[in-house]
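1. Please work out how this folds:
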Amino acid sequence: MDNTSLLSLSYQLAAFRSIDVIANNIANVNTPGYKRESVKFEQVLQQMKPAEGQKGPQTVSFVRDAGLLRDISGGRIESTGAPFDLAINGPGYFAIQTAQGERYTRNGHFTLNADGTVVTESGDQLMGDGGAITIAPDDGDITFGADGTITGKQGQIGKLRLVDFADPRALSKEGDSLYSTTQQANAAPNAVIAQGMLEGSNVQPVIEISRMIEVMRSYEATASLEKGHSDMQRQAIQKLAAVQ
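-> Residues are numbered from 1 along each chain as shown. Reported below is the predicted structural model:
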């Protein structure tokens, strides 16, 4: 494969990667707390073998996937009226206890299980400062204060464990809107809880669709260029064969 074909292939693979990430953003437009992602690319200069007639090696610029960039800006806060729907205004994450250890999320859609424990849709426990949060039948209507304090009919039940990190963009994404990290989980003093509300995703569908169209056009242009180059090579070979 010649240098032009290799260069074209690198750009086509980059376009495929971008399309995949954009499609995932669009698929999660209605996922509470979802954060939009984009692909970070970097150019790599590489010396290739000299083409026929060239005296020295040729430097070619390829495109390489350098990872994902996550937009951690807040999504729109929307009212649901559900008592265990919680939105975080400002930086911070809910702490969730899973079978794999503590994980973190911005998805504030919680419910009560049969034992009266506050859990995620997947059944993982929402953590308070003292561990899992359990609501007794006689606690009545539950109130979550702006600072995460949980109050029932009998008085204070506990307080949400709200955490933040030195580099939130470095959190590793897992399934069910959860993140994991090796970073130290610190208190999130600026996190403000809104009960009966959910933070929506920060994906803007119109922008994502526009980006999808732009990337697809770029891919088609690159593929067309590669086809033109291949056609020229084929014609040159055919002419050479005819002369011989």
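2. Ramachandran angles for the spatially most central residue of the chain?
-> Centroid-nearest residue in the chain, with Cα atoms, centre = their mean: Glu37, separated by 4.5 Å. Per-residue torsions, Glu37: phi -120, psi 160 (degrees, to the nearest 10).
3. got a list of what it touches?
-> 21, 24-25, 68-71 (Cβ atoms under 8 Å, 6 or more residues apart in numbering). (Each C-beta comes from the backbone N, C-alpha and C, glycine too.)
4. Top of the residues you listed by number of neighbours, please.
-> Among the contacts of Glu37, the one with the most neighbours (other Cβ atoms under 10 Å) is Asn25, at 24 neighbours.
5. Make sure it is indeed in a strand.
-> No: under DSSP: H, G, I helix; E, B strand; the rest coil, Asn25 falls outside any strand and is assigned helix.
6. That one and Leu198: what is the separation?
-> 18 Å (Cβ to Cβ, to the nearest Å).
7. now swap in Leu160 and tell me
-> For Leu160 relative to Leu198 (Cβ to Cβ), the value is 15 Å.
8. what does Ile213 give?
-> Taken as Cβ to Cβ, the span from Ile213 to Leu198 is 30 Å.
9. Looking at these two, which one has more neighbours?
-> For Ile213 versus Leu198, the count of surrounding residues by other Cβ under 10 Å is larger for Leu198: 21 against 11.
10. which residues does that one contact?
-> By Cβ under 8 Å, 6+ apart, the residues touching Leu198 are 32-33, 77-78, 80, 85-87, 108-109.
11. For ChimeraX, write the select line for the buried members of those.
-> To isolate the buried subset of the contacts of Leu198 in ChimeraX, counting by 16 or more other Cβ atoms under 10 Å, use the following:
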select :32,33,80,85,86,87,108,109
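12. Closest one of the contacts of Leu198 to Leu13?
-> Gly33 (30.6 Å; Cβ to Cβ).
13. Name the nearest residue to that closest one, ignoring sequence neighbours.
-> The shortest distance from Gly33 to any non-neighbouring residue, by Cβ to Cβ, 6 or more residues apart in numbering, is to Arg106 (3.2 Å).
14. May I have the phi/psi pair for that neighbour?
-> phi -110, psi -10.
15. just the one 5 residues further on next, same as before
-> According to degrees, to the nearest 10, the main-chain angles of Thr111 amount to phi -140, psi 180.
16. Would you map the helices across this protein?
-> 3-27, 205-243 (DSSP state H).
17. Kindly tell me how buried the closest residue in space to Asn186 that isn't next to it in sequence is, as a neighbour count.
-> Take Asn186 and drop its neighbours on the chain: the residue closest to it by Cβ to Cβ, 6+ apart is Asp164, 5.7 Å away. The number of residues packed near Asp164 is 19, by other Cβ under 10 Å.
18. quick one, domains of the protein?
-> Listed domain ranges for the chain are 3-72+203-242, 76-200 (source: the TED database).
19. What are the neighbouring residues in contact with Gln195?
-> Applying Cβ under 8 Å, 6+ apart, the residues contacting Gln195 are 83, 85-86, 143-144.
20. okay but Leu162 is in contact with Ala187, surely?
-> Yes: with contact defined as Cβ atoms under 8 Å, Leu162 reaches Ala187; the gap is 7.1 Å.
21. okay, the two: which has more neighbours?
-> Leu162 (27 against 12).
22. Next one: Glu121 from Ile135, what distance?
-> Counting by Cβ to Cβ - Glu121 and Ile135 are separated by 17 Å.
23. neighbour count winner among these two?
-> Ile135 (19 against 12).
24. That one: what's it in contact with?
-> So Ile135 contacts 112, 116-118, 142, 152, 157 (Cβ under 8 Å, 6+ apart).
25. OK, contacts around Asp138?
-> 153-154.
26. Quick one, grab the pLDDT at the residue nearest to Asn186.
-> You'll see Asp164 listed with a pLDDT of 98.
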